[in-house]
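Chemist: Sharing a model that was predicted from the sequence below.
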Amino acid sequence: MAGFHTFRGLFLGAAPGWYKLCIVAFLIINPVLFLTVGSFVAGWVLVAEFIFTLAMALKCYPLQAGGLLALEAVLMGMAGPRAVYQEVAYNLPVLLLLMFMVGGIFFMQDLLLAVFSRLLLGLRRKWVLSLSFCLAAAFLAAFLDALTVIAVVITVIGGFFAVYQRANEARGGGMGEAELEQFRAFLRSLIMHAAVGTTLGGVYTLVGQPQNLLVGDIMGWHFVEFARRMTPVALPVIAAGLSTVVLVEKLRLFGYGAELPDGVRELLRGRAQTREPHEILRTRAVVTIQSVAGVLLIAALALHVAEVGLIGLALLLTVTAFTGVTEEKRLGQAFHEAMPFAALLVVFFAVVAVIQQAGLFTPVINWVLHFEGRVQLALLYASNGLLSAVSDNVFVATVYIKQLQDAFAAQHISREQFDLLAVAVNSGTNIPSIATPNGQAAFLFLLTSGVAPLIRLSYLRMVWMALPYTVVLTLVGLLAMVFLV
């Protein structure tokens with residue numbers, strides 16, 4: 001009995017007992033379902049279970065629990081090891097991005113904190129500050145990519161929280177719990193505005209999201225052509241998104257509207273004013289180097305001179321070499337955030353392989369393709385959005401655009417309709433997918449980042465704070481698809 005209690009305590013570590021029981025129950029139920037009702041039902045149950053592990057990310061990091069579920073599915077034959085490997089190989093650019101671009105951004109902290117600190121301390125009106133964060137994220141996402149931009153924002157928000165903690169400790173504490181909670185709410189709202197901003201900019205251009213490149217490649221659209229095709233949807237959605245920023249901040253809806261506490265503002269301002277002269281000189285030199293690297297980074301990404309992850313590796317090498325970061329221990333800190341998430345993504349790709357092999361989305365796709373004209377556009381957009389919120393927008397876009405390519409090759413649809421449907425696929429997988437953190441890699445990265453527990457950003461809170469954007473942007477995108485495209 002003592003051995004059993006020891007084993008139970010070790011299993012999933014400090015996770016709550018009820019959570020451990022749920023995972024054990026899932027592991028027992030899945031083989032039964034697979035053997036009795038088949039892979040289709042068992043596959044959808046597995047997807048629901050995996051989403052549960054994501055929703056409970058603050059109780060237990062989802063890598064182990066989700067990994068056990070995915071591993072069991074592979075062992076049962078719901079997806080073969082080769083299918084999982086193919087999904088991983090197909091998404092190698094995303095993994096390279098995580099490993100190297102996120103690491104490179106880590107060493108841009110001085111520049112990022114300098115820029116955003118001026119915004120934070122200079123703009124006293126919260127709605128103006130929120131709008132600035134959303135606009136900046138949208139602009140950057142249009143020319144970089146959403147995951148890179150969210151890595152920047154995570155670095156900035158984490159930096160603000162760290163500066164606050166150090167300044168508070170230097171003054172011997174004294175900050176009340178209520179003030180700390182208000183500061184957390186303030187940072188939560190900024191990071192969610194910025195996350196939505198990555199969607200607003202990401203939907204517009206060829207490089208904004210991974211699936212955009214896929215759609216553009218199949219359709220033969222270059223950067224300008226892609227933006228032209230997306231303009232009838234993207235511009236109304238961007239306008240609606242920015243209007244929603246102002247609305248939720250002014251009316252203090254859905255967890256928005258929290259102001260920066262005066263005590264925290266003074267701590268942050270005092271921290272900036274009490275640095276030693278040698279520290280100021282060093283920071284200026286580092287910021288100058290990082291600024292040059294940042295300009296080169298934007299140019300390289302905008303011109304797509306190489307895969308994003310390889311550009312990130314070049315950034316990491318350059319910035320660390322010229323700022324004197326050569327110790328292995330300091331370099332390792334840059335990978336601390338990204339590597340667990342990279343492992344989680346591989347587990348997620350295993351679940352995607354199950355979705356593919358079981359054909360979970362096939363009935364929906366076939367049903368949509370039976371319609372014609374504007375009705376088909378609307379249904380394609382809506383079904384893309386729904387499936388992207390449940391699964392992953394890159395996978396959904398891949399499945400849909402290949403089905404449409406086959407239909408065009410078989411002359412079931414005209415070239416004009418093919419172009420319109422491609423816009424629907426890109427719009428549907430980009431916009432409604434903000435409904436849940438598992439819809440986009442950038443949102444999932446935010447949920448599982450080290451910043452999320454610091455500012456109390458849980459799965460359900462992300463869903464709640466994304467809700468006004470989900471409703472407004474999805475409806476505006478749908479209307480644009482029907483009447484403007």
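Modeler: Everything's here; your move. The shown structure was predicted, so the numbers you read here are calculated from the model rather than taken from an experiment.
Chemist: tell me the domain ranges of the chain?
Modeler: By the record's domain assignment, the chain is partitioned as 13-91+340-483, 102-208+229-337 (automatic domain parsing).
Chemist: where exactly do the strands run in the stretch 51-200 of the chain?
Modeler: In the stretch 51-200 of the chain, no strands are found when defined by DSSP state E, counting those that start in this stretch.
Chemist: Could you list the low-pLDDT ranges of it?
Modeler: Counting by pLDDT under 70, the stretch 51-200 of the chain shows low-confidence ranges at 168, 170-175.
Chemist: can you put the domains of the chain in JSON lines and add mean neighbour count and distance to H222?
Modeler: C-betas here are computed from N, CA, C, even on glycine. Putting these into JSON lines (neighbours: other Cβ atoms under 10 Å; distance: least, Cβ to Cβ, whole Å) gives the following:
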{"stretch": "domain 13-91+340-483", "mean neighbour count": "19", "distance to H222": "14"}
{"stretch": "domain 102-208+229-337", "mean neighbour count": "19", "distance to H222": "7"}
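Chemist: For V215, which of the ones you listed is the nearest?
Modeler: domain 13-91+340-483 (4.9 Å; Cβ to Cβ).
Chemist: Can I get the domains of the chain in TSV including distance to G220?
Modeler: TSV is the format used below for the domains of the chain (distance: least, Cβ to Cβ, whole Å):
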stretch	distance to G220
domain 13-91+340-483	10
domain 102-208+229-337	11
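Chemist: M219 is nearest to which of the ones you listed?
Modeler: Comparing the domains of the chain against M219 with Cβ to Cβ, the closest turns out to be domain 13-91+340-483 (5.0 Å).
Chemist: And the closest one, end to end?
Modeler: According to Cα to Cα, to the nearest Å, domain 13-91+340-483 extends 53 Å from its N-terminal end residue to its C-terminal end residue.
Chemist: gap between it and the chain center?
Modeler: 13 Å (Cα atoms, centre = their mean, to the nearest Å).
Chemist: and W221, helix, strand or coil?
Modeler: Reducing the assignment at W221 to three states with DSSP: H, G, I helix; E, B strand; the rest coil gives coil.
Chemist: again, but for the one 10 residues further on
Modeler: At T231, secondary structure determined by three-state DSSP is helix.
Chemist: Once you drop chain neighbours, what's closest to it?
Modeler: Leaving aside its chain neighbours, T231 sits nearest to Y204 (7.8 Å; criterion: Cβ to Cβ, 6 or more residues apart in numbering).
Chemist: Next, the one you found: secondary structure please.
Modeler: Of the three states, Y204 takes coil according to three-state DSSP.
Chemist: quick one, what contacts it?
Modeler: Residues counted as contacts of Y204 (Cβ atoms under 8 Å, 6 or more residues apart in numbering) are A142, A227, M230, T231, A234, I238.
Chemist: at 7 Å instead, please
Modeler: By Cβ atoms under 7 Å, 6 or more residues apart in numbering, the contact set of Y204 is A142, A227, M230, A234.
Chemist: Next: W44.
Modeler: Applying Cβ under 7 Å, 6+ apart, one finds that W44 lies in contact with L360.
Chemist: Next, Y61: phi, psi?
Modeler: For Y61, the backbone dihedrals are phi -60, psi 130 (criterion: degrees, to the nearest 10).
Chemist: what does stretch 179-191 contact?
Modeler: The set of residues that contact stretch 179-191 without belonging to it, under Cβ under 7 Å, 6+ apart, is 130, 133, 153, 157, 160-161, 164, 255-256, 258-261, 263-264, 446, 455-457.
Chemist: next one: stretch 84-102
Modeler: Applying Cβ under 7 Å, 6+ apart, the external contacts of stretch 84-102 come out as 74, 147-148, 151, 210, 307-310, 312-313, 316, 335, 337-338, 341-342, 345-346, 349-350, 352-353, 441.
Chemist: ends of it, how far apart?
Modeler: Termini of stretch 84-102 sit 24 Å apart (Cα to Cα).
Chemist: what distance separates that stretch from the middle of the whole chain?
Modeler: Worked out by Cα atoms, centre = their mean, stretch 84-102 lies 14 Å from the chain centre.
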